[in-house]
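**Student:** Have a look at this fold, sequence not included:
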């Protein structure tokens, strides 16, 4: 699920919803310096709570949150022992030096050898959100070496985990998302093979 959090940039609106956050989430938001960052942190939790309320999702269901720019993203699974990661990144400038340093050699070459400038930029962010989603799904996060696994593409052009460390024996499934009017790359990676469509929610 995706939500626009721009209304939370207004202090009066933000304070109204901030008061409803659990104490630990309030504390997390308080530590952030800028209003936009606080709105993103609060908005991600508000999205999770709205999904739980609308769809009667158990508090025990595994979930993951992400935010970037004016949007927040949430993915969840109620399958026992499932693992879920999601990532959202606003598409800005191409950061080829980041890909060279942190991505696998084939991933980097794929980006570097893409001729069209817009496709090249989008491809960088597509790799980024897919790689982040996998790291989050494994629960290893940024402690994982981003070069220790590799994103690939099947014959239909859909993303797959082409290579991963041996300790992650489960099958991981990936899905990318785009939404009209949202200039961001989005992806989910999970051990739950049933990955649904992206839905927009108004908070």
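**Tutor:** Received, thanks. Just so you know, these numbers come straight off a predicted model, no measurement behind them.

**Student:** what sits opposite the residue most central in space within the chain in the beta ladder?
**Tutor:** What sits nearest the mean C-alpha location of the chain, by C-alpha atoms, centre = their mean, is residue 87, with 1.0 Å. According to DSSP bridges, residue 187 are recorded as the beta-bridge partners of residue 87.

**Student:** you'd agree it is up against residue 129?
**Tutor:** Yes - with contact defined as C-beta atoms under 8 Å, residue 87 reaches residue 129; the gap is 4.1 Å. No exception for glycine: its C-beta is placed from N, CA and C like everyone else's.

**Student:** list the residues that contact both of those two?
**Tutor:** 186-187 (C-beta atoms under 8 Å, 6 or more residues apart in numbering).

**Student:** I'd like the distance between the residue nearest to the centre of the chain and residue 94.
**Tutor:** 18 Å (C-beta to C-beta, to the nearest Å).

**Student:** what does residue 39 give?
**Tutor:** Distance of residue 39 to residue 94, computed by C-beta to C-beta: 27 Å.

**Student:** State the pLDDT value of the residue nearest to residue 94 when sequence neighbours are not counted.
**Tutor:** Nearest residue to residue 94, sequence neighbours excluded (C-beta to C-beta, 6 or more residues apart in numbering): residue 121, at 4.3 Å. For residue 121, the pLDDT comes out at 98.

**Student:** Could you report the neighbour count for residue 121?
**Tutor:** When counting by other C-beta atoms under 10 Å, one arrives at 19 neighbours for residue 121.

**Student:** before we move on, what SS does the residue of the chain most remote from its centre have?
**Tutor:** Distance from the C-alpha centroid of the chain, by C-alpha atoms, centre = their mean, peaks at residue 12 (27.9 Å). Secondary structure state of residue 12, per DSSP: H, G, I helix; E, B strand; the rest coil, is helix.

**Student:** Do you know the pLDDT at it?
**Tutor:** 94.

**Student:** how about the helices of the chain, start to end?
**Tutor:** Under the criterion DSSP state H, helices of the chain are mapped to 11-18, 23-30, 35-55, 96-102, 105-112, 117-137.

**Student:** so which of these is the most packed in?
**Tutor:** Ranked by mean neighbour count, the helices of the chain are led by helix 117-137 with a mean of 22 (mean count of other C-beta atoms under 10 Å).

**Student:** how close does the residue farthest from the centre of the chain get to residue 35?
**Tutor:** Per C-beta to C-beta, residue 12 is found 12 Å from residue 35.

**Student:** Next: residue 189.
**Tutor:** Applying C-beta to C-beta to residue 189 and residue 35 gives a distance of 31 Å.

**Student:** Please apply the same query to residue 115.
**Tutor:** Separation of residue 115 from residue 35 (C-beta to C-beta) stands at 40 Å.

**Student:** Same check on residue 97?
**Tutor:** As defined by C-beta to C-beta, residue 97 lies at a distance of 30 Å from residue 35.

**Student:** Then residue 105?
**Tutor:** To residue 35, residue 105 is 40 Å away according to C-beta to C-beta.
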